[in-house]
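In: here is the input, now give the coordinates:
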Amino acid sequence: MAGLHLRSVVEEERTKACVSSLLHLLHQNPTFLYFRLLKTPKDPPPKHSLPSKLAFPPSFLSLPPCTANSSPSFPVLDQEADREDSLEPKQDTFKKVLVVRRPVMDVSGEENDDGSEAGEAEGDDVISKPSGIDAGLEEFAKKMPLFEPERGESGGTLEKPLAVNLDLSLYKARVLARKYRYEEAEKILEKCIYYWPEDGRSYVTLGKILSKQAKRTEARAVYERGCQATQGENPYIWQCWAVLENKMGNIRRARELFDAATVADKRHIAAWHGWAVLELKQGNVKKARHLLAKGLKFCGGNEYVYQTLALLEAKANRYEQARYLFRQATKCNPKSCASWLAWAQLEVQQENNRAARLLFEKAVQASPKNRFAWHVWGVFEANIGNVDMGRKLLKIGHALNPRDPVLLQSLALLEYKHSTANLARVLFRRASELDPRHQPVWIAWGWMEWKEGNISTARELYQRALSIDSTTESAARCLQAWGVLEQRAGNLSAARRLFRSSLNINSQSYVTWMTWAALEEDQGNSVRAEEIRNLYFQQRTEVVDDASWHKEATELGSRPRQQGTRAFERCRIYEDGAEEPFFTTSLGLNDGNDIGYGSRFDLNAFIKDKLSLDPSKLDLLMENSGNSSPKRVTSPRRMWRSQNRTTMTLP
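Out: Numbering: from 1, shown residues only. This is a model prediction of the structure:
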């Protein structure tokens, strides 16, 4: 009995010494326990198992055994315990461990149950002598970054950055995207999504960047993830996803996504307008008007909705209603350059040149650096006979937008018509260097070479345009122009194949159908020509418009505009028409000699004060921009396009 009592005393004293030593080391260096647990794999079971009252569940990490080398003890008692252990049969070691947490209070001042301090009870000299292995671990831990084990009660979550960092990161990502540094922008946006998964702006920006690189599958996945993260309550993600599906040709899916955007926020005007534009392209004018009416009902007056409605009225030859709607659009936003330009185009069609010029002046005042405003105004002045004025306006636009190939293309066509072909070639070459993948530049250049009698050069330029992309509207126009070239050259079979290829892309082209019919008529195939004309009338899309809708639009537009309406991206409805002036017929305008400048708008003073341009140095600016080679010969925004497109061969 005396031996058993002595053994229990020894075990209790050894346990107290081990725990006291461990707490002291943990207090001196919190990293000790962490590295000690990592560096002690599967130590052999301790010789002396812990008492049952100190046993813990086996789910925690095992502590290394407390031996005479690593923990303080009493040598005499240790020898007695060893002798008694040799007499007792070995017992199974409990696979139990202690849960040691970082001490909250200072251990040195902690008292034992009997009121004495731990340092006095165990001996100060014993605690201050760790083993060689422990000393090495302490030195190693001092060189490592401080690591504090997570507390079980707190959870240890990472601290989220401030919300201002999200705005700064989004701005930086947009700037990088404008500089075509897409990979860096994507990394920033992924971090934004990680820290702020509930904010929809990161998903929208990342999806647009991926779409620019033709990574449409990845963009779709980003939008889907964003809708899940925001629980379907962000209309901007739904709308961007719908636009992506529309570009991919998934019309039915795009309709569903536009519908989801309007359900998420019925005041999201971009969704109503985008859905209406989709229906217009599908020929569903009545459905488009219904959607635009809902946009006016829920969002109030909006310049883009009014502008689209005005264009529908102008197409239906209801010009007074169109003017009223254009007036409403400019009242909603006097700085809407697109509305002023659309209204000016309407007056140009009606040969109201004085009114058109006043509207062009309003457009450039609303947006002084807008390339579409200077371009359309310059083409208008050139068409009515004011060649010098048109040339000046195009040069102003080029000085403000030196990397826009469309302005140089129109200027080249103007110089070819009123100056020399060599000067036009120089401008065409500069435009093609600015953006080698801009199809209309190559098409216009090929048309000029054909007019100059350089048939082989024209064919090469047409082929270059089709090698960029053979599925666009520009490709259809290129095939039609190439077909006319082959028809004039006597290659009738090649011309027929080119006309057929053009109609496969755009079956609604009246010019292509009638050109093909004229070819058959000239060859004496009057029956075939009549069949071609009948085919056009059979397959064309009939557009049925309702004239009684104008009253409803007037009533809806008279309501006050609701707050919270956001304008969407700048409308680009004039880009396609501006890129192909050589395909458009004459507007039938007068020569403009009887039209005076009724306004007090001083163009020279305006560009000098607002744009810091010297009117007398426009030619010098043109020469300097031509001498300096562009920084990027290949446009990075087009680098994502597939290089494996089928190249059109000569017929």
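
In: what about this protein, any weak spots by pLDDT?
Out: By pLDDT under 70, the low-scoring segments of the chain are 1-11, 13, 17-158, 541-599, 626-651.

In: all strands of it, in order?
Out: Taking DSSP state E to define them, one finds no strands in the chain.

In: count of neighbours near the closest residue to Ser432 other than its chain neighbours?
Out: Once flanking residues are discounted, Ser432 sits nearest to Val441: 5.3 Å by C-beta to C-beta, 6 or more residues apart in numbering. All C-beta atoms are positioned from the backbone trio N, CA, C, and that covers glycine. Under the neighbour criterion other C-beta atoms under 10 Å, Val441 is assigned a count of 29.

In: contact partners for Val441?
Out: With contacts defined as C-beta atoms under 8 Å, 6 or more residues apart in numbering, Val441 is in contact with Pro405, Leu408, Gln409, Phe428, Ala431, Ser432, Asp435.

In: so which of the residues you listed are in helices?
Out: With helices identified by DSSP state H, the entries of the contacts of Val441 that belong to them are Pro405, Leu408, Gln409, Phe428, Ala431, Ser432.

In: dump those into a markdown table; add neighbour count as well.
Out: Shown next, in a markdown table, are the ones in helices among the contacts of Val441 (neighbours: other C-beta atoms under 10 Å):
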| residue | neighbour count |
| --- | --- |
| Pro405 | 24 |
| Leu408 | 29 |
| Gln409 | 31 |
| Phe428 | 27 |
| Ala431 | 26 |
| Ser432 | 20 |
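
In: pick the one among these closest to Pro161.
Out: Nearest to Pro161 among the ones in helices among the contacts of Val441: Pro405, at 41.9 Å, using C-beta to C-beta.

In: of the contacts of Val441, which pair is most distant in space?
Out: Pairwise distances among the contacts of Val441 were taken by C-beta to C-beta; the largest, 12.2 Å, belongs to Phe428 and Asp435.

In: picking up where we left off before, between the ones in helices among the contacts of Val441, which is closest to Met622?
Out: When those are compared for distance to Met622 (C-beta to C-beta), Leu408 wins out at 9.4 Å.

In: find the nearest non-adjacent residue to that closest one, please.
Out: In space, not counting the residues next to it along the chain, Leu408 is nearest to Ala431; the distance is 3.9 Å by C-beta to C-beta, 6+ apart.

In: I'd like the ones in helices among the contacts of Val441 laid out as TSV, including distance to Arg488.
Out: TSV is the format used below for the ones in helices among the contacts of Val441 (distance: C-beta to C-beta, whole Å):
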residue	distance to Arg488
Pro405	28
Leu408	28
Gln409	23
Phe428	21
Ala431	26
Ser432	25
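
In: Asn604: which of those residues is nearest?
Out: Within those, proximity to Asn604 (C-beta to C-beta) peaks at Leu408, which comes in at 22.6 Å.

In: list the contacts of the closest one.
Out: The contact partners of Leu408, by C-beta under 8 Å, 6+ apart, come to His398, Leu427, Phe428, Arg430, Ala431, Leu434, Val441.

In: tally of neighbours for the fourth one?
Out: Taking other C-beta under 10 Å as the neighbour definition, Arg430 ends up with a count of 21.

In: going forward, count from 785.
Out: Right, with 785 as the first residue, what we last looked at is Arg1214.

In: what's the distance between Glu1097 and Trp1231?
Out: As for Glu1097, its distance to Trp1231 is 34 Å (criterion: C-beta to C-beta, to the nearest Å).
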